[in-house]
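**Student:** build me a model:
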Amino acid sequence: MTESVVSLFEKLVQAEPPADAPVLFDTACVLGGSVAGLLAARVLSDRARRVVVIESDDLSTEAGARPGVPQNRQVHTLLPGGQQWVERWLPGITEEAQARGASYAGSDKAVTTVNGIPMASDGVDHHLLAIGRPLLEALIRDRVTALPNVSVLRAQATGLDYRDDAVSAVRYVGVDQADRSAKSLDADFVVDAMGRSSRLSNWLKESGYDHPRLERLPAPINYATALFERPEKFADLETACALGLFTPDHPSGGVSVAAANAIEDGQWLVMLMGYGDSRPGRTLAEFREACAKLPPIFTEATAGAPIGDVVTYHQAESRRRHFTEESLNHFPARLVSVGDAVASFNPIHGQGMSSASLHASCLASYLADAPELGAPAREFFRLQQVVVDAAWGVSAGSDAARLDAQNGTEVPDDVRQQRWAMAQIAAATLADGEVTRAFRYVSYMLRHPATLADPTLLAKAVAANEGAEAK
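**Tutor:** Presented below is the predicted three-dimensional model:
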């Protein structure tokens, strides 16, 4: 089972867009113009005569934060797994992002530290795309909406219609208060990309269909993010993309995670994150004071003139909707969900946008295998589950361990053993480059987390940790 999951995940990561894709639909409809929705629209543009994206936010301009993306101003980094797949579907977008000022940071310009100690070099030149969320969305949106068969309908989806247990239309109302009359759009295939607050489950229940079970994992996190002017002599600075992780006993002023990205428009985008009652840096003075307790790059990055105020963001929990065989027993055909509508993770791991790009890969693989369109898309959800399991295991696993420790919860022996093994591997990334390489391949969404269960790798991690303790 593990080998097949690992192999399937790798196939999804390495999948190429189809060279010759037969048209399967007259009209495909995507509910939501987020990164996940736009990439789904790109996939469907090869399979439908027309693709309509229904989105209530204005997508016609690059006018900063969208109301539908409350975390718009927070740090976003496109991990290598997501970046590679977005580049395959939208060739040249990485180069265009760089031309607009984003940083494509290789190993010489990116650093991850734990309590100020850099991870060991893994010998692989990974690249991270450090970019503001509004610009990335704009680049993807411009590419996708420029396709001749893709259009955007500014409206709010209000429900679905069905025929023969398959979705047949999307109901919607306009956003113009002068005309809020109910309308509908005939559709042969529908993608729910409405985010973590997706209303699809309510619509399904109202129509007598099964709906996915919603899992909630408390993960109370508090973000504080600020922009600063960046000096022109970028090469003089230590790095273009920095991530600092801090244990509870580190004197970081309550900061658990800090990130600094050199993004477009000559700016540093700096983020501080704390758990629970820790709310780091709500004012500029507090923000800089907290950064002074962190590795030097954070003091450098916040030394320039501030651009705007410190922006805070709170997320109380991670969510996952389980599209399992049980929930698909009575489920409409020609309907799938992607992105945060399926799973929204603790953002500190940066896997949201990369996971969404791999959901698009799942959609492309599903449609390429001549699916039975008159039946629920079980094969799509099976593929997607592999991706979601991988991201959820990385992000939710550490949150669940933290929650159990706080509550004094007794955990089963097998779970305790798994957590011990992961702690050994994480600690060994400071001392052993081979362990670091395996760990990064997983955290960058290039390999499945099951690859970290290799006994040889664990033995190497334990030996590295024992050697470090003996020094």
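**Student:** which neighbours does the helix or strand of the chain with the lowest mean pLDDT have in its sheet, and in what orientation?
**Tutor:** When each helix and strand of the chain is scored by mean pLDDT, DSSP states H and E, strand 77-78 comes last, with a mean of 76. Applying DSSP bridges to the sheet, strand 77-78 is found paired with strand 128-130 (antiparallel).
**Student:** show the subsequent helix or strand relative to the strand it pairs with.
**Tutor:** Scanning forward in sequence from strand 128-130 by DSSP states H and E, the next helix or strand is helix 133-145.
**Student:** report pLDDT for the closest residue to residue 213 other than its chain neighbours.
**Tutor:** Nearest in space to residue 213, with sequence neighbours left out and distances taken as CB to CB, 6 or more residues apart in numbering, is residue 322 at 4.6 Å. For every residue, glycine as well, the C-beta is placed using N, CA and C. If you check residue 322, the pLDDT there is 94.
**Student:** got it, and residue 54?
**Tutor:** On the pLDDT scale, residue 54 gets 97.
**Student:** what's the distance between the residue most central in space within the chain and residue 113?
**Tutor:** By CA atoms, centre = their mean, the mean C-alpha position of the chain lies nearest to residue 352, the distance being 0.9 Å. Distance from residue 352 to residue 113, counting by CB to CB, to the nearest Å: 22 Å.
**Student:** quick check: which ranges of the stretch 351-471 of the chain have low pLDDT?
**Tutor:** Judged by pLDDT under 70, the stretch 351-471 of the chain has its weakly predicted residues at 396-397, 400-401, 404-405, 407, 470-471.
**Student:** circling back to that earlier point, what's the burial count for the residue nearest to residue 213?
**Tutor:** 15 (other CB atoms under 10 Å).
**Student:** quick check: buried residues in stretch 126-142?
**Tutor:** Residues 126-141 are the ones in stretch 126-142 that count as buried (16 or more other CB atoms under 10 Å).
**Student:** and which of these is nearest residue 228?
**Tutor:** Nearest to residue 228 among the buried residues of stretch 126-142: residue 132, at 13.3 Å, using CB to CB.
**Student:** state the distance from the closest one to residue 85.
**Tutor:** Distance check for residue 132 against residue 85: by CB to CB, it reads 20 Å.
**Student:** next one: residue 356
**Tutor:** Residue 356 sits 10 Å away from residue 85, taking CB to CB as the criterion.
**Student:** on that earlier part again, nearest spatial neighbour of the residue nearest to the centre of the chain, chain-adjacent residues omitted?
**Tutor:** Closest residue in space to residue 352, ignoring its immediate chain neighbours: residue 345 at 6.1 Å, by CB to CB, 6+ apart.
**Student:** tell me which residues touch the one you found, please.
**Tutor:** Residue 345 makes contacts with 318, 351-352, 355, 391-392, 395-396, as judged by CB atoms under 8 Å, 6 or more residues apart in numbering.
**Student:** same thing but 7 Å
**Tutor:** Taking CB atoms under 7 Å, 6 or more residues apart in numbering, we find residue 345 in contact with 318, 351-352, 391-392, 395-396.
**Student:** out of those residues, which is nearest to residue 172?
**Tutor:** Of the contacts of residue 345, the one sitting nearest to residue 172 (CB to CB) turns out to be residue 352, at 26.0 Å.
**Student:** distance-wise, check the closest one relative to residue 339.
**Tutor:** Applying CB to CB, the value for residue 352 to residue 339 is 8 Å.
**Student:** next: residue 103.
**Tutor:** Taking CB to CB as the measure, residue 103 falls 25 Å from residue 339.
**Student:** which of the two has more neighbours?
**Tutor:** Between residue 103 and residue 339, counting by other CB under 10 Å, residue 339 is the more crowded of the two (29 against 23).
**Student:** contact partners for that one?
**Tutor:** Residue 339 makes contact with 34, 36-37, 193, 195, 356, 359, according to CB under 7 Å, 6+ apart.
**Student:** mind running it again at 8 Å?
**Tutor:** Applying CB under 8 Å, 6+ apart, we find residue 339 in contact with 32, 34-37, 193, 195, 352, 355-356, 359.
**Student:** just to revisit the earlier point, closest one to residue 7 out of the contacts of residue 345, please.
**Tutor:** Nearest to residue 7 among the contacts of residue 345, counting by CB to CB, is residue 391 at 17.8 Å.
**Student:** pretty sure that closest one sits against residue 340.
**Tutor:** No. If you go by CB atoms under 8 Å, residue 391 and residue 340 don't touch, sitting 11.4 Å apart.
**Student:** what segments of the stretch 151-300 of the chain are helices?
**Tutor:** Assigned helices in the stretch 151-300 of the chain, in chain order: 200-206, 284-291, 296-301 (criterion: DSSP state H, counting those that start in this stretch).
**Student:** packing partners for the helix or strand following the last one?
**Tutor:** If I follow you right, that is helix 296-301. The helix or strand immediately downstream of helix 296-301 is strand 306-322, counting by DSSP H and E. Applying 3 or more CB pairs under 8 Å, 6 or more residues apart in numbering; DSSP states H and E, one finds that strand 306-322 contacts strand 213-229, helix 284-291, strand 343-344, helix 378-407.
**Student:** alright, calling it a day.
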